[in-house]
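Q: A predicted structure for the sequence below; I have some questions about it.
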Amino acid sequence: IMENPIVKSLAKAHERLEDSKLEAVSDNNLELVNEILEDISPLINKDENIAELVGILKEPHFLSLLEAHDIVASKCYESPPSSPEINNASVNNQIVPVDAIRILGIHKRAGEPLGVTFRVENNDLVIARILHGGMIDRQGLLHVGDIIKEVNGHEVGNNPKELQELLKSISGSVTLKILPSYKDNIVPQQVFVKCHFDYNPFNDNLIPCKGAGLKFSKGEILQIVNREDPNWWQASHVKEGGSAGLIPSQFLEEKRKAFVRRDWENSSPFCGTINS
């Protein structure tokens, strides 16, 4: 039987199939989807098919599938180092599981802000807040507490200002290596306030990021979209709309007023009644 020409041909074909390795066509599918979404999103109201396609491309399960494919295709994985025994608790805390690292791809224009701020925590750069309506908030790929490890394959260090400038200057494809926080997002209440004074973030020395601040005038109505930070709320203009920005919280403003002259006692309070 083994001498039969047909059997020999089948055996050779089997060997060739075993030797061949499948290669991914692309390892940046997530970036391509983001580019497609940017191109077709303005056409949602004009075509039902486009609206349906946008809904599919934004599905979390679909994005997770693409992310997993890109990670495997780019071979961004490695086996954890073997160790005979690990008894030291401090050493255990420093080991990051390989499957916890995530690789994210985004596409941006030069000078376009991502809408995030950072803080240093345990010598790592952690996302401190995500501005409502900003680029990162719309994509939903990053969350507060996520640790940024690398940008385009380069370690980010531990300087928030340098990272902000780097991300602002980059254009085109941006690849981020992060360690997720796995915190659940809480849907915020709808809160509106009436401003009782003028505010310009560029004149405020306490704001963590002047460029992320929201300028407002006395009498304007703001929608508070995030109050997780006790000192800095995120708000947007009700009439003008647009992305949210940072404003001083009622607690911070009252605390700040307490250190100025008592002449302030005859002036207006920070804001009117909060309506949820």
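A: Noted; the coordinates are in hand.
Q: contacts only, for the nearest residue to residue 63 once chain neighbours are set aside.
A: Nearest residue to residue 63, sequence neighbours excluded (CB to CB, 6 or more residues apart in numbering): residue 30, at 7.0 Å. Every residue, glycine included, has its C-beta placed from N, CA and C. Contact analysis of residue 30 by CB atoms under 8 Å, 6 or more residues apart in numbering lists 63, 66, 67, 70, 104, 105.
Q: backbone phi and psi for the fourth one, please?
A: Same thing as residue 70. phi -60, psi -40 (degrees, to the nearest 10).
Q: likewise the first one?
A: Per-residue torsions, residue 63: phi -60, psi -40 (degrees, to the nearest 10).
Q: the fifth one now?
A: The phi and psi values for residue 104, taken as degrees, to the nearest 10, are phi -120, psi 140.
Q: who's in contact with it?
A: Per CB under 8 Å, 6+ apart, neighbours of residue 104: 30, 67, 141, 142, 175, 176, 178.
Q: could I get those as JSON lines with pLDDT?
A: What follows is the contacts of residue 104, written out as JSON lines (pLDDT from 0 to 100):
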{"residue": "30", "pLDDT": "80"}
{"residue": "67", "pLDDT": "79"}
{"residue": "141", "pLDDT": "75"}
{"residue": "142", "pLDDT": "82"}
{"residue": "175", "pLDDT": "84"}
{"residue": "176", "pLDDT": "84"}
{"residue": "178", "pLDDT": "86"}
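Q: in helices only, show me the residues you listed.
A: Counting by DSSP state H, the contacts of residue 104 place 30, 67 in helices.
Q: just among the contacts of residue 104, which is most surrounded?
A: residue 30 (25 neighbours; other CB atoms under 10 Å).
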